[in-house]
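Visitor: coordinates for the following, if possible.
(one chain, ligands or ions: 1)
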Amino acid sequence: MTDYLTKLFIDGTWQDAAAGETFPVLDPATGLEIARVADANADDMTRAIDGAEAAQPAWAALPALERSKIIRRAAEIARADIQRLAEVMTAEHGKPVAQSIGELNYGLDFLEWFAEEGRRTYGTTVPSTGPDKRITAIRQAAGVSVAITPWNFPSLQILRKLGAALAAGCSMVVKPAALTPISALEIGRFFAEAGLPAGVLQVVTSSKASRVSPTIMADSRVRVLSFTGSTEVGKILMREGAATMKRLSLELGGHAPFIVFDDADVDHALEQLVAVKMRNMGQTCVSANRIFVQRGIAPEFTRRLVERLSAMPIGLGSEEGVEVGPLIEDAAVQKVEAHVADAVASGASVATGGKRPTHESLANGHFYEPTVLTGVTDDMLVARDETFGPVAPIFEFDTEEEVVRRANNSPYGLAAYFFTRDVNRVVRVSEALQYGTVGANDGTISAVQAPFGGVKESGIGREGGHWGMEEYMDTKYISLAGLTRP
Ligand code: NAD
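Guide: Residues are numbered from 1 along each chain as shown. A predicted model of the protein is given here:
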């Protein structure tokens with residue numbers, strides 16, 4: 001049996017939970033327990049915050065170049081070990097190993113990018129109001145930060161927060177999702193090996209957020225809370241963060257429209273749709289959830305989409321050639337089933353999929369077939385709520401004005417995609433879509449140097465690029481007066 005990390009990473013050491021409790025980690029492809037991991041409580045979280053507080057000033061005081069070297073070394077160590085790390089991720093998450101490797105490489109790109117950007121956190125000198133004064137604005141690390149992360153990208157969601165926090169000079173306590181804690185612990189391991197000083201990073205696993213979250217939210221030493229997860233929890237944290245006026249970065253739910261106009265390069269649009277719909281079995285916040293196809297090309301586009309999705313091999317993520325793994329847990333499959341049943345009851349048709357696969361070898365896993373729905377309308381659940389699964393509902397539309405209005409008709413505003421060859425339309429629609437991230441003829445929008453994030457109920461703040469550093473830095477204005485000349 002693989003030797004998984006199972007202890008809390010606090011103050012640079014591997015520790016059992018104070019109360020000795022543990023919780024199981026299950027393989028979603030088989031339903032089998034792969035490990036039991038330390039189940040932290042409030043005392044453990046307080047210890048972690050104590051450690052982060054103690055370590056932060058010295059970390060911030062290190063020259064940026066020294067911080068940068070340690071972060072880069074961590075990335076190097078992880079890259080050398082990427083196959084094993086990917087297999088660990090697949091065991092607890094289910095995604096095909098090739099996708100786990102892709103996720104890890106992208107997460108490590110963030111470490112490397114922020115390691116460099118940390119050397120460029122320039123301040124500003126501003127013309128003053130008199131010859132005896134100088135006005136400067138410097139940027140300083142905000143202090144102790146906490147990351148609360150979801151299970152859908154077990155490493156990436158942590159690495160893009162951690163890279164920015166460490167480069168800025170913050171310490172960080174990571175509270176990963178209970179479904180995928182081991183990939184988070186692995187991050188503790190490769191940073192420890194890279195020589196990160198004890199206490200700068202803590203990884204605290206817990207079976208229920210309620211065991212540790214009140215401690216985080218009540219502690220005034222935690223200055224930054226970076227959360228990725230559901231809008232519902234984001235709203236709770238925004239309310240709770242008010243008590244100590246934490247700086248919040250919230251990456252929340254999405255309900256991305258994917259619009260194909262009849263003048264689009266259809267081959268390219270189809271390629272991009274398959275990629276953005278099926279990555280992670282549709283369990284991404286930027287997944288194409290509402291696929292709007294202009295009426296004239298809809299039948300042919302749908303036929304080709306069905307052909308592509310129905311040919312994708314389903315199976316265990318650890319098996320060669322598999323493109324569609326299990327969903328994370330049975331509740332996720334049940335949500336997909338409820339969305340499909342609701343659509344069908346209201347008049348939609350299943351063009352492919354629409355059920356759990358029947359193959360015996362998949363019987364104990366949380367699998368669902370790639371699914372295309374036609375005849376879908378805006379009142380159905382799939383149109384209003386994040387499905388978070390491998391379901392592609394096709395909505396037909398007639399005009400640009402109509403589709404922009406329908407695409408914007410959502411409380412979410414994370415990512416949107418559209419495809420057209422008309423350059424005037426590219427500009428018009430890019431500007432009219434009420435989303436934080438827009439892919440114009442592009443479904444693969446991920447880039448470490450770009451500002452990723454949402455508007456409306458998809459959150460506040462940006463991750464990636466120099467914007468990502470801002471989340472972990474305060475601007476201090478220094479007014480120096482009384483300068484004299486000889
Ligand atoms: P979730 O909100 O249930 O959980 C996310 C994290 O929050 C987990 O670590 C969980 O333990 C913790 N949590 C849950 N309740 C909490 C509470 N009351 N207080 C403090 N922490 C709490 O989300 P999930 O189901 O793990 O992830 C799926 C959701 O995340 C989807 O809505 C998806 O769109 C969203 N998401 C957003 C982005 C983005 O970048 N915008 C990226 C990925 C996922």
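
Visitor: use CA for all of it now, contacts and neighbours both
Guide: Noted.

Visitor: list of residues touching the helix or strand in which R211 is found?
Guide: Assigned by DSSP states H and E, R211 belongs to helix 209-218. Residues from elsewhere that reach helix 209-218 (Cα atoms under 8 Å, 6 or more residues apart in numbering): 40-42, 45-46, 146, 206, 222, 237, 240-241, 243-244.

Visitor: list the residue ranges of the stretch 1-150 of the chain that fall below the pLDDT cut-off.
Guide: Where the stretch 1-150 of the chain drops to pLDDT under 70, the residues are 1.

Visitor: what residues does it put near the ligand?
Guide: Contacts of the stretch 1-150 of the chain with the ligand, taken as Cα under 6 Å from any ligand atom, map to 148-150.

Visitor: can you tell me which of these is nearest Q56?
Guide: I148 (18.8 Å; Cα to Cα).

Visitor: separation between that closest one and V203?
Guide: In this view, I148 and V203 are 10 Å apart by Cα to Cα, to the nearest Å.

Visitor: now do the shared contacts for the two.
Guide: Here I148 and V203 share the contacting residues 174-176, scored by Cα under 8 Å, 6+ apart.

Visitor: okay, the residues you listed in a markdown table with pLDDT and neighbour count next?
Guide: Below are those laid out as a markdown table (pLDDT from 0 to 100; neighbours: other Cα atoms under 10 Å):
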| residue | pLDDT | neighbour count |
| --- | --- | --- |
| V174 | 99 | 26 |
| K175 | 98 | 26 |
| P176 | 98 | 27 |
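
Visitor: now, among those, which is nearest to the ligand?
Guide: P176 (4.8 Å; Cα to the nearest ligand atom).

Visitor: can I assume S226 sits in a strand?
Guide: Yes. Counting by DSSP: H, G, I helix; E, B strand; the rest coil, S226 is found in a strand.

Visitor: for it, name its beta-bridge partners.
Guide: A147, S249 (DSSP bridges).

Visitor: thought it was touching L248?
Guide: Yes. Shown here, S226 and L248 form a contact pair, counting by Cα atoms under 8 Å, at 5.9 Å.

Visitor: any idea how many residues pack against the closest residue to S410 other than its chain neighbours?
Guide: Closest residue in space to S410, ignoring its immediate chain neighbours: R384 at 7.1 Å, by Cα to Cα, 6 or more residues apart in numbering. By other Cα atoms under 10 Å, the residues close to R384 number 16.

Visitor: how about the contacts made by R384?
Guide: So R384 contacts 255, 378, 410 (Cα under 8 Å, 6+ apart).

Visitor: okay, and the residue most central in space within the chain sits in which element?
Guide: The residue lying closest to the centre of the chain (Cα atoms, centre = their mean) is Q157, at 4.3 Å. In this structure, Q157 sits in helix 156-168 according to DSSP H and E.

Visitor: neighbour-wise, which of S226 and L248 wins?
Guide: S226 (26 against 23).

Visitor: show the contacting residues for the more buried one.
Guide: Here S226 is in contact with 145-148, 161, 248-250 (criterion: Cα under 8 Å, 6+ apart).

Visitor: separation between it and I216?
Guide: For S226 relative to I216 (Cα to Cα), the value is 12 Å.

Visitor: and if you look at G130?
Guide: In terms of Cα to Cα, G130 sits 45 Å off from I216.

Visitor: spell out which parts of the stretch 251-400 of the chain neighbour the ligand.
Guide: 251-254, 284-285.

Visitor: pull the most distant pair out of the residues you listed.
Guide: E251 and T284 (11.8 Å).

Visitor: so V25 sits right up against G94, yeah?
Guide: No. With contact defined as Cα under 8 Å, V25 does not reach G94; the gap is 12.0 Å.

Visitor: out of the two, which sits in the busier spot?
Guide: Shown here are V25 and G94; by other Cα under 10 Å, G94 has more neighbours (33 against 23).

Visitor: returning to that earlier point: higher neighbour count, G130 and I216?
Guide: Neighbour tally, G130 and I216, criterion other Cα under 10 Å: the higher count belongs to I216, 21 against 10.

Visitor: count of neighbours near the residue nearest to A415 when sequence neighbours are not counted?
Guide: Of all residues not flanking A415 in the chain, T437 sits nearest, at 4.7 Å (Cα to Cα, 6+ apart). Using other Cα under 10 Å, the number of residues around T437 comes to 23.

Visitor: cool, and the one 5 residues further on?
Guide: For D442, the tally of surrounding residues (other Cα under 10 Å) stands at 18.

Visitor: same question for L156.
Guide: 24.

Visitor: what does V427 give?
Guide: Count around V427 with other Cα under 10 Å applied: 11.

Visitor: just how off-centre is stretch 37-55 within its chain?
Guide: Relative to its chain's centre, stretch 37-55 lies at 23 Å (Cα atoms, centre = their mean, to the nearest Å).

Visitor: buried residues, that stretch. List them.
Guide: 37-42, 44-45, 48-55 (16 or more other Cα atoms under 10 Å).

Visitor: so which of these is the closest to L327?
Guide: Nearest to L327, judged by Cα to Cα, of the buried residues of stretch 37-55 is V37 at 21.2 Å.

Visitor: now do the same contact list for the spatially closest residue to that closest one that is not a sequence neighbour.
Guide: Spatial nearest neighbour of V37, excluding adjacent residues (Cα to Cα, 6+ apart): T6 at 4.3 Å. Listed by Cα under 8 Å, 6+ apart, the contact partners of T6 are 35-38, 182, 185.

Visitor: go on, G413?
Guide: 254-256, 434-436, 454-458.

Visitor: redo those residues as CSV? Include secondary structure.
Guide: Compiled in CSV, those are given as follows (three-state DSSP):
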residue, secondary structure
G254, coil
H255, coil
A256, strand
Q434, coil
Y435, coil
G436, coil
G454, coil
V455, strand
K456, strand
E457, coil
S458, coil
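
Visitor: filter the residues you listed down to the buried ones.
Guide: By 16+ other Cα under 10 Å, the contacts of G413 give 254-256, 434-436, 454-455, 457-458 as buried.

Visitor: ok, those residues vs G468, which is closest?
Guide: Among these, and counting by Cα to Cα, the member closest to G468 is G454, at 13.2 Å.

Visitor: any idea how far the closest one is from R462?
Guide: 8 Å.

Visitor: shared neighbours, those two?
Guide: E251.

Visitor: now do the contacts for the closest residue to I460 other than its chain neighbours.
Guide: In this structure, I460 finds its nearest non-sequential neighbour in L250, 5.1 Å apart by Cα to Cα, 6+ apart. Counting by Cα under 8 Å, 6+ apart, L250 touches 226-228, 234, 458-461.

Visitor: and those, which two are furthest apart?
Guide: Top of the distance list for the contacts of L250 (Cα to Cα): S226 and S458, 13.7 Å.

Visitor: assign S220 to helix, strand or coil.
Guide: coil.

Visitor: that one: how many residues sit nearby?
Guide: 15.

Visitor: on that earlier part again, go through the contacts of R384 and name the one nearest G325.
Guide: H255 (21.8 Å).
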